[in-house]
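Q: Quick one, fold the following:
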Amino acid sequence: MGTHLKTGEPALTGCCDSPLEYLQKAVFDSVEKCSRGTSQADDITLLRVRYRAAAQSAAS
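A: Residues are numbered from 1 along each chain as shown. I've put the predicted structure just below:
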């Protein structure tokens, strides 16, 4: 239903261990760069989640 913006530049390459605040800024900066000053027609929602795998149990 929505339009996917493609800039050809991966915004988060190599950032998987970065703080969530850094990742949020990188995403918003990328959106701003892609929109090139076009006025915002709607709100922007970003869900920040970091998955940390549970340690394997000693029984494995």
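Q: so where do the helices sit in the protein?
A: Counting by DSSP state H, one finds helices in the chain at the ranges 20-35.
Q: Mind telling me which residue is nearest the centre of it?
A: The C-alpha lying nearest the average C-alpha coordinate of the chain belongs to Val27 (C-alpha atoms, centre = their mean; 4.6 Å).
Q: In the chain, where is pLDDT below threshold?
A: Within the chain, the stretches falling below the threshold (pLDDT under 70) are 1-11, 55-60.
Q: let's see it at 80
A: Along the chain, the model assigns pLDDT under 80 to residues 1-16, 37, 52, 55-60.
Q: picking that back up, just checking, the residue nearest to the centre of the chain touches Leu20?
A: No. Val27 is beyond contact range of Leu20, at 10.4 Å (criterion: C-beta atoms under 8 Å). C-betas here are computed from N, CA, C, even on glycine.
Q: Could you tell me how many residues sit around Ser18?
A: If you count neighbours by other C-beta atoms under 10 Å, Ser18 ends up with 14.
Q: Could you do Arg52 as well?
A: Number of residues near Arg52 (other C-beta under 10 Å) recorded here: 5.
Q: do the same with Ala26
A: Residues contacting Ala26 under the criterion other C-beta under 10 Å number 15.
Q: Cys15 is in contact with that one, correct?
A: Yes. A contact is recorded between Ala26 and Cys15 when judged using C-beta under 8 Å, the distance being 6.5 Å.
Q: Quick one: residues contacting Glu21.
A: Taking C-beta atoms under 8 Å, 6 or more residues apart in numbering as the definition of contact, Glu21 has no neighbours.
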